[in-house]
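> coords below, sequence missing:
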């Protein structure tokens, strides 16, 4: 029982991180029809810049987090202006978008490696402090991440649901041409999308760095597959679906290592579990948990 | 700079270009004809080279049978990928195919008993002995060929030289076969499915089956590239098969013009120079960087080339723009 509670809790924490990162990818896809393969490296960037601001520049942790989110937004917007806007205007197809996103990922990842080196980093946070809950050891850092992530998820879900920009975003993703003739400011919608994606990417990276303790410049890339699985599981382009997909995957991946389930699988295979779940879901319900048709033929 | 002057280095670049060219040809038949976005192609290379090495080292099987088995396993991998996910929309397939190759890599990484895991050695060598080799048969063939070629070409004809010739002959034969295939009615149906599913389906063509066949053929070609990769590196590591490699293949494909095969060898050579030649960026401003930093810069440059290429000339050097925009 204690182990079950432990794994469930770990799964919730990991799921909240997947959810936040997946939401950014799904939102970008819904508005721009772009699968952002560089998203994983935005996570890495957020963690490394936070480390830099907090540990090297001795800023308060919260300030470092905010600065990193700001930097994530800035880079996302710069890329929008120098690359994505031009590609959209030239009517680039799916392949061009995929490959450019990959190119961006290469450049971003190697820049991080070049600037920060290949050593692993660790936030100046007490990782060892735990308390007992129903027999499980709950780390304070994990609990803090879960709380902050829940707040962030609530805020963003309400923002997309209630705010004018959020409504415009949903309208635009449903029907771009109708939305733009109805007087929706398309540029503002796109900027808002990249802002959310950049800020939440950095935030997810910081959360992951906190939970994981040590992190290297491959962190985001290692997570990208599980995050993409969450995105597809919740139907690409569905922001709420991505959040739920994230939680489902986080919990399934953790529970799959449970001894009581036929001994559980080795924890190194967790990403494989993420995709096994994904493939099974796609086979029987190709539209993802919620949504639209993904099966074409 | 002295290494740049050595012919051996350029022969090595030529061999690598040829292997990447074969690899990319597998993508060509999938995307260039069928419009299928397979981003997990490197998985087929991993399957074939590891299958070959395991069969030779752990089971003592004849090299030729092991190599054929490797290619067959790659074909099975393609069939599995296609059967499970090819019914999905293009963007879904792209994501799931990346996952496929990453899962192959994860399994190789973690199955120490079968593959040697992180060490990449397939088996721990006995102290005082070398890593178990799966290239003995191949090496003896190479050496015999070298002995024949040395009187003709002189000093330059070493093992690498023979390897380059064999790889490029293979690429040439495969190019001929693929361009033959692309003139068949099979390819015309497949090309029609690239533009639109409904019309070929209305004509009674099983779109799914055509696409599946394209993925399997592409996987066989990717598997052949994997065999050469294994023979060239003679020590396999899961890190040889990062998703990065798939994108190298895509870059060659786009450079050469995705819908035509004739640009592919030139694009492969260009990539080979970019990949291998950037090792020698020892001049300013790169002179401030150490060797590992230069490796970062190399991949960064490849990323930048990929971005600029897709923004400025998505049809590649030889391709037709109309065929690329209509995806």
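Nice, I can see it. Note that this is a predicted model, so its numbers are computed, not measured.
> For the closest residue to chain A within the stretch 201-327 of chain B, which residues are in contact?
Proximity of the stretch 201-327 of chain B to chain A (C-beta to the nearest C-beta) peaks at residue B:303, 2.9 Å away. C-beta here means a position set from N, CA and C on the backbone, and glycine is covered the same way. The contact partners of residue B:303, by C-beta atoms under 8 Å, 6 or more residues apart in numbering or on different chains, come to A:102, A:103, A:104, A:105, A:106, A:107, A:110.
> I'd like the average pLDDT over stretch B:261-271.
Averaging pLDDT along stretch B:261-271 gives 88.
> how about it, does it reach chain A?
No: using C-beta under 8 Å from any C-beta of the partner chain, stretch B:261-271 never reaches chain A; the gap is at least 14.0 Å.
> From the rest of the structure, what touches that stretch?
With contact meaning C-beta under 8 Å, 6+ apart, stretch B:261-271 is reached by B:14, B:17-18, B:20-21, B:24-25, B:28, B:32, B:171, B:175, B:178-179, B:182, B:248, B:251-253, B:255-257, B:316-319.
> What count of nearby residues applies to residue 176?
Assuming you mean chain A. 16 (other C-beta atoms under 10 Å in any protein chain shown).
> Chain B was what I was after
11.
> Equivalent analysis for residue A:89, please.
For residue A:89, using other C-beta under 10 Å, the count is 8.
> ok, residue A:248 - contacts?
A:15, A:230, A:233, A:277, A:289.
> can you pull the contacts of the nearest residue to residue A:201 once chain neighbours are set aside?
Closest residue to residue A:201 apart from its sequence neighbours, by C-beta to C-beta, 6 or more residues apart in numbering or on different chains: residue A:42 at 3.5 Å. When contacts are counted by C-beta under 8 Å, 6+ apart, residue A:42 is found next to A:24, A:72, A:75, A:76, A:108, A:197, A:198, A:201, A:202, A:205, A:220.
> can you redo these as a markdown table with secondary structure and pLDDT?
Listed next are the contacts of residue A:42 as a markdown table, based on DSSP: H, G, I helix; E, B strand; the rest coil; pLDDT from 0 to 100:
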| residue | secondary structure | pLDDT |
| --- | --- | --- |
| A:24 | helix | 92 |
| A:72 | helix | 95 |
| A:75 | helix | 95 |
| A:76 | helix | 95 |
| A:108 | helix | 93 |
| A:197 | helix | 94 |
| A:198 | helix | 95 |
| A:201 | helix | 94 |
| A:202 | helix | 94 |
| A:205 | helix | 94 |
| A:220 | helix | 86 |
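> ok, back up a step: redo the contacts of residue B:303 as a markdown table? Include pLDDT and neighbour count.
Shown next, in a markdown table, are those (pLDDT from 0 to 100; neighbours: other C-beta atoms under 10 Å in any protein chain shown):
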| residue | pLDDT | neighbour count |
| --- | --- | --- |
| A:102 | 90 | 25 |
| A:103 | 92 | 26 |
| A:104 | 94 | 23 |
| A:105 | 93 | 24 |
| A:106 | 91 | 25 |
| A:107 | 93 | 21 |
| A:110 | 90 | 23 |
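> Just the ones of those residues in helices?
Cross-referencing those against helices under DSSP state H gives A:102, A:103, A:104, A:105, A:106, A:107, A:110.
> re earlier: tell me, which of the contacts of stretch B:261-271 make contact with chain A?
Counting by C-beta under 8 Å from any C-beta, residue B:251 from the contacts of stretch B:261-271 sit close to chain A.
> I'd like to know which of the contacts of stretch B:261-271 are buried.
Neighbour-count burial (16 or more other C-beta atoms under 10 Å in any protein chain shown) applied to these gives B:14, B:17-18, B:20-21, B:24-25, B:28, B:32, B:171, B:175, B:178, B:182, B:248, B:251-253, B:255-257, B:316, B:318-319.
> Any chance of the contacts of residue A:42 in CSV with neighbour count as columns?
Below are these laid out as CSV (neighbours: other C-beta atoms under 10 Å in any protein chain shown):
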residue, neighbour count
A:24, 31
A:72, 28
A:75, 20
A:76, 26
A:108, 21
A:197, 27
A:198, 28
A:201, 34
A:202, 31
A:205, 32
A:220, 31
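> Show the pLDDT at residue 255.
With no chain named, the answer covers chain A. 86.
> wait, chain B
Predicted confidence (pLDDT) for residue B:255: 86.
> do you know how far it is from residue B:187?
22 Å (C-beta to C-beta, to the nearest Å).
> before we move on, what about residue A:277?
36 Å.
> cool, residue B:248 as well?
Distance of residue B:248 to residue B:187, computed by C-beta to C-beta: 25 Å.
> low-scoring stretches of chain B, by residue?
B:1-5, B:118-131, B:278-288, B:317-327 (pLDDT under 70).
> Could you spell out the sheet neighbours of the helix or strand of chain A with the lowest mean pLDDT, each with its direction?
Lowest on mean pLDDT, DSSP states H and E among the helices and strands of chain A sits strand A:130-133, with a mean of 76. Using DSSP bridges, strand A:130-133 pairs in its sheet with strand A:136-139 (antiparallel).
> Output the contacting helices and strands for the helix or strand following the strand it pairs with.
Sequence-wise, the next helix or strand downstream of strand A:136-139 (DSSP states H and E) is helix A:140-162. Judged by 3 or more C-beta pairs under 8 Å, 6 or more residues apart in numbering or on different chains; DSSP states H and E, the packing partners of helix A:140-162 are helix A:2-32, helix A:164-174, helix A:186-212, helix A:239-255.
> where does chain A have low pLDDT?
Checking chain A against pLDDT under 70 turns up A:260-264, A:286-297.
> Residue of it nearest chain B, please.
With C-beta to the nearest C-beta, the shortest gap between chain A and chain B falls at residue A:106, namely 2.9 Å.
> how about that residue, what does it touch?
Shown in contact with residue A:106 (C-beta under 8 Å, 6+ apart): B:244, B:247, B:299, B:300, B:302, B:303, B:306.
> quick one: the first one and residue B:101, what's the gap?
Taking C-beta to C-beta as the measure, residue B:244 falls 11 Å from residue B:101.
> So which of those two has more stuff around it?
Comparing residue B:244 with residue B:101 by other C-beta under 10 Å, the one with more neighbours is residue B:101, at 26 against 17.
> Can the helix or strand harbouring the more buried one be said to contact chain A?
For residue B:101, the element it lies in under DSSP H and E is helix B:90-110. Yes: part of helix B:90-110 sits near chain A under the criterion C-beta under 8 Å from any C-beta, namely B:90-92, B:94-96, B:98-100, B:102-103, B:106-107, B:109-110.
> tell me the angle of the helix or strand harbouring residue B:50 relative to helix B:90-110?
Assigned by DSSP H and E, residue B:50 falls within helix B:42-59. Per axes from the mean of the first three to the mean of the last three C-alpha atoms, to 10 degrees, the angle that helix B:42-59 makes with helix B:90-110 is 30 degrees.
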